[in-house]
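In: when you get a sec, could you give me coordinates for this:
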Amino acid sequence: MNFSFNYLASLLLAGASALTLSACGSGGDTPPEPPPEPKTAQINSANYGEAVGVAFAGFQRSQPLIESSLLPLTIGFTETLSGSYPCKDGGSLTLLAADKVRTFTAVDCKDDAAWIVSGTLTETISGANNSTRSYKLKDVNIQTGTSNQSVAVVNGAAEAVLKADGSTPESFQIDLSVALNGRTDTLGMSLDAAGKLQLVIDSTRFPQKLLFSADTQAKSFTISSKGDGSSMSVTPSADGKTFLIELRASAGGTPTFSKTASAEEFAAWLVKSL
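Out: Take a look at the predicted model:
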């Protein structure tokens, strides 16, 4: 999982940040033109840029949202007594513990880059050797920027099955509803015991759910439409300056379209969907 998040971030963040700053610094008060509405659920040569943007923007956004949403566990992981616990950089976390259920309530809790304004997370422990952890997130308000408009409201559920030594998850599934900037997207992320990472994105910016998966061995990514099964593979070059994009009518089929996109094109698709 380190490859998929960190490798991708190193390739894209610099270009995306530069383009974001450029877009903000030009055009005066004229709002950016909204992306055209895709006319089909199929990923094809006319809309693959939108699919790339929605999928990779969802992927990029998912890591900090998940880390922030689960921040109470980072702070209070070993705590078993009800009470109030300070957060590293300000605010507090209130814990109500009862048997195998712990409920955390955040009050302006800040820890490094994560900042939960308010909301609750409930953990329930079950399974053999207490290996299964189930979580519910209720109105978790996460500050993602410096203005009131940059607060993401997160609701959802998660489940993790721990390894035998209880150290790290053997597998996990997390499903989030994220309301931000006037629209609500859903993100579903899973990691299986074999280390396969998948993300399902349901966004108003594409007419069907998109399935995003990362192949850590081949260092490539696949985006599939849940509507008709059409798919697209994205393979970065070793230096991160180009991306080979291949479209297929179905997973594993013969490519019907291919293009080598520059890092600038790729970052522009991403920024358009943020």
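In: the most centrally placed residue in the chain - nearest residue in space that isn't next to it in sequence?
Out: Centroid-nearest residue in the chain, with C-alpha atoms, centre = their mean: residue 62, separated by 1.3 Å. Excluding its sequence neighbours, the residue lying closest to residue 62 (C-beta to C-beta, 6 or more residues apart in numbering) is residue 187, at 5.2 Å. C-beta: built from backbone N, CA, C; applies to glycine.
In: which pLDDT value belongs to the one you found?
Out: In this model, residue 187 is scored at 92, pLDDT.
In: gap between it and residue 112?
Out: Counting by C-beta to C-beta, to the nearest Å, the gap from residue 187 to residue 112 is 22 Å.
In: neighbour count winner among those two?
Out: residue 187 (23 against 10; other C-beta atoms under 10 Å).
In: and residue 88, that one's in a strand?
Out: No. Residue 88: not assigned to a strand; according to DSSP: H, G, I helix; E, B strand; the rest coil it is coil.
In: burial count for it?
Out: Counted with other C-beta under 10 Å, the neighbours of residue 88 add up to 13.
In: quick one: residues contacting it.
Out: Residue 88 makes contact with 75, 110, 111, 112 under the criterion C-beta atoms under 8 Å, 6 or more residues apart in numbering.
In: dihedrals phi and psi, it?
Out: Main-chain torsions, residue 88, degrees, to the nearest 10: phi -60, psi -50.
In: now residue 61
Out: Backbone torsions for residue 61, taken as degrees, to the nearest 10, come to phi -70, psi -30.
In: over to the one 5 residues further on?
Out: Residue 66 adopts backbone torsions of phi -70, psi -40, taken as degrees, to the nearest 10.
In: that one: what's it in contact with?
Out: Counted by C-beta under 8 Å, 6+ apart, residue 66 has contacts 174, 176, 189.
In: cool, and residue 188?
Out: Going by C-beta under 8 Å, 6+ apart, the list of residues near residue 188 reads 173, 174, 175, 176, 199, 200.
In: repeat the analysis, applying 7 Å as the threshold.
Out: For residue 188, the contact set (C-beta atoms under 7 Å, 6 or more residues apart in numbering) comprises 175, 199, 200.
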